[in-house]
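1. structure for this input, please:
(2 chains)
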Amino acid sequence: MNIGYSDRQARALRKYKGKKNNAFYLFVSPYFLIYVSFSLFPIIYTFYISLTKWNGFDAPVFYGLKNYLDLFKDERFYNALGNTLIFMLMIIPIQIALGMVIAFILSSKITPAKNAFRLFNFLPYLTTPVALGIIFGIMFDYQFGIINSIITGLGIARENINFMSRPWPARIMVSFVGIWRYYGYTSILFLAGLTNINPELYEAAEIDGVNSIQKITKISIPLLKPVIIFVVLTTMIGCFQMFEEPFILFTVGSGPQMVGGPEYACLTGMWFLYDTAFGTMMRFGYGSSIAYGMFMFIAILTLFTYRIMKWGERK
Amino acid sequence: MIKSRYLLRILMVVALSILSIIALYPFYSMIMMGTYEANDLFKGIKLFPGNYLKENLTTLWSIDIARYYLNSLIAAFGSSVLCVIVCSMAGFGFAKYKSRFKSPLFVFILITMMVPTQLGLVAFVMEMRTIGWINSLLPLIIPSSANAFGVFWMTQFVSSAVPDEVLESGRIDGCSEFRIFLQIALPFMMPACTTLCLLAFLWSWNNLMVPLTVISSDKLFTIPLGIRQLATSFRTDSGAQILGLTISTLPILVFFGLFSKSLISGLSAAAVKG
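-> Predicted structure coming up:
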């Protein structure tokens, strides 16, 4: 490697050794400058606002923990928290099951037209969620929607279901839209995980006379565990952030206009926050305490889930 | 054995087809419903095109969809280009230089990936008010360019795709560190830059929360805000409303569809490496 540098080259290298440290800061500083000013600072400052009473125009009044005490007495806070948990429980298992099944089918050698199928199922992820809210609002319509035609046609329900005005049907509708939007995306993550598995493992198993179902349950699924953990955690955070789907379904569509859906059954944390600070009220202090109150619960829950999923690994 | 394999294949295709129909039907029905008169729309399910397309188009003429497109394009293009610049520089810095604070800063980025930026929404909006960025496209462009996932991914990519030897050869020739990045490293990083650019474009295009809270003037409405406006002003004329929806979503969907391979590779990298 060392082939004798010319004087000029040696000088250039010496100069470089001196500048090496500065170069790191030169390259990373734009990122940190923007991140700190527009993400980290607001996150920290929101915590300060949560300790005040503030309408955004007058000077904020220091309030201590009063917003949080109010929050823990607010029925809507428990609605939002409960709904987030319900959405997690309805969405995550179906999302993972569907995503995995599609990934297994698409990874099989004998499946035709793989690229087309992959693209079809990926389109929902690419679509503007606001548009989805409106289209699904029509599809779930009480009298004329195709979903009700299918449900009564197949005999699942005897009469049309009013998804817009009853709590549980409303939650099912919102979960359906959430699953529909993300299952193709999830299948892509699983597909990437599957292609990462060393094919020699399957070959070795074949020599030992292992059948196809065992190959999936004993090799693929255990090796997909990192992807499963990733999907579970990101979906949990996604449920905390869920906003567009219920917001558009219940405030723009043809149905009745209401914050949080029927009996607050579809009120999510972000919607509660948006409505308190920017929607019908201008309570910035209380809105900020909602952000932190919700986030703390979700963060603890996510961490707890992560620990449980990792715990099984160390056996 | 051969027979069961054949059966399995049919079963798999049937399952995939059903799922694909579920995935595609909403788009199909959106396109079809835009061609009907509002009163006809709610008489049964529309599987074939109607004959009211021209009239619905005339109704929509009053709405400035072109302006929504332009605003969305400016915001999405600006934020994705800036995101690529900021994240590729940071990724290069993390992958190729040594510093005392390098690993704590990288851990910091990994932690922030799990913290949703919406947590700071209230203060963010107040910050935008204070610096006078309300009713401008800047809040949609600059803040989102510092993308933690982008840096993480670029760092991974640079470590594996940019050889140290070529950087060293640039140094021997006396290039400045920035020129080494720009002229030597960047060509190696192009595939990752393209994918990150597309992803940032997609996320910016579909974003609702930020424009909803910082933009109130309809001259600056992006597509998601425009659709919402459209749905409200044509509440009774559902045919025109849905046609507007088609016009404002379909072209960009085709664009994303064309680049789906690149998008998919970026998204799957997150799960496998993360």
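2. so how far is B:Ala269 from B:Val84?
-> Using Cβ to Cβ, to the nearest Å, B:Val84 is found at 15 Å from B:Ala269. C-beta coordinates here come from the backbone N, C-alpha and C atoms, glycine included.
3. neighbour count: those two, which is higher?
-> With other Cβ atoms under 10 Å in any protein chain shown as the criterion, B:Val84 and B:Ala269 differ in neighbour count, and B:Val84 comes out ahead with 25 against 19.
4. helices and strands around whichever strand or helix holds A:Glu245, which ones?
-> Take DSSP states H and E as the rule and A:Glu245 turns out to sit in helix A:244-251. The contact analysis (3 or more Cβ pairs under 8 Å, 6 or more residues apart in numbering or on different chains; DSSP states H and E) places helix A:244-251 against helix A:129-139, helix A:167-195, helix A:269-277.
5. which among these is found nearest to B:Ala23?
-> helix A:167-195 (6.4 Å; Cβ to Cβ).
6. that closest one versus helix A:244-251: what angle between them?
-> Helix A:167-195 runs at 160 degrees relative to helix A:244-251, counting by axes from the mean of the first three to the mean of the last three Cα atoms, to 10 degrees.
7. pLDDT on the next helix or strand after helix A:167-195, on average?
-> Along the chain past helix A:167-195, the next helix or strand (assigned with DSSP H and E) turns out to be helix A:199-207. Here helix A:199-207 scores 86 as its mean pLDDT.
8. got a list of contacts for helix A:199-207?
-> A:Gln214, A:Lys215, A:Lys218, A:Ile219, A:Leu223 (Cβ atoms under 8 Å, 6 or more residues apart in numbering or on different chains).
9. rerun at 7 Å
-> The set of residues that contact helix A:199-207 without belonging to it, under Cβ atoms under 7 Å, 6 or more residues apart in numbering or on different chains, is A:Lys215, A:Ile219.
10. for it, the distance to its chain's centre please.
-> Going by Cα atoms, centre = their mean, to the nearest Å, the spacing between the C-alpha centre of helix A:199-207 and its chain's C-alpha centre is 35 Å.
11. how near is the residue nearest to the spatial centre of chain B to chain A?
-> A centroid search over chain B (Cα atoms, centre = their mean) returns B:Leu202, at 0.9 Å, as the residue closest to the centre. Spatial separation of B:Leu202 from chain A under the definition Cβ to the nearest Cβ, to the nearest Å is 7 Å.
12. and chain B, what are its domains?
-> Taking automatic domain parsing as the criterion, chain B consists of the domains B:2-60, B:65-233.
13. which of these is buried the deepest?
-> The highest mean neighbour count among the domains of chain B, using mean count of other Cβ atoms under 10 Å in any protein chain shown, belongs to domain B:65-233: a mean of 19.
14. where do the strands sit along the stretch 51-200 of chain B?
-> Counting by DSSP state E, counting those that start in this stretch, the stretch 51-200 of chain B forms no strands at all.
15. quick check: which ranges of it have low pLDDT?
-> Along the stretch 51-200 of chain B, no part satisfies pLDDT under 70.
16. flag every residue of it that's near chain A.
-> In this structure, the stretch 51-200 of chain B approaches chain A at residues B:86-87, B:89-90, B:92-94, B:97, B:99, B:102, B:105, B:116-124, B:126-127, B:142-143, B:145-146, B:151, B:171-172, B:174, B:177, B:181, judged by Cβ under 7 Å from any Cβ of the partner chain.
17. so which of those are in helices?
-> Using DSSP state H, B:86-87, B:89-90, B:92-94, B:102, B:105, B:121-124, B:126-127, B:151, B:171-172, B:177 are the members of these that sit in helices.
18. now the residue in the stretch 151-300 of chain A that chain B sits nearest to, nearest residue through space, not along the chain?
-> The stretch 151-300 of chain A approaches chain B most closely through A:Ala192 (3.2 Å), counting by Cβ to the nearest Cβ. Across the structure, with Cβ to Cβ, 6 or more residues apart in numbering or on different chains as the measure, the residue nearest A:Ala192 apart from its sequence neighbours is B:Ser268 (3.2 Å).
19. who's in contact with that neighbour?
-> Going by Cβ under 7 Å, 6+ apart, B:Ser268 touches A:Ile188, A:Leu189, A:Leu191, A:Ala192.
20. equivalent analysis for B:Cys87, please.
-> Counting by Cβ under 7 Å, 6+ apart, the residues that B:Cys87 touches are A:Tyr31, B:Asn147, B:Gly150, B:Val151, B:Met154, B:Leu196.
21. any idea which of those is closest to A:Leu267?
-> Proximity of those to A:Leu267 (Cβ to Cβ) peaks at B:Asn147, which lies at 29.2 Å.
22. torsion angles phi and psi at the closest one?
-> In this entry, B:Asn147 is assigned phi and psi values of phi -100, psi 120 (degrees, to the nearest 10).
23. try B:Asn207
-> phi -70, psi 130.
24. chain A versus that one, what's the distance?
-> 9 Å.
25. and the residue nearest to A:Ala192, that's in a helix?
-> Yes. Assigned with DSSP: H, G, I helix; E, B strand; the rest coil, B:Ser268 falls within a helix.
26. give me the pLDDT for it.
-> For B:Ser268, the pLDDT comes out at 80.
27. which helix or strand contains the spatially most central residue of chain A?
-> Among the residues of chain A, A:Gly238 comes closest to the average C-alpha position under Cα atoms, centre = their mean, at 2.1 Å. Assigning secondary structure by DSSP H and E places A:Gly238 in helix A:225-241.
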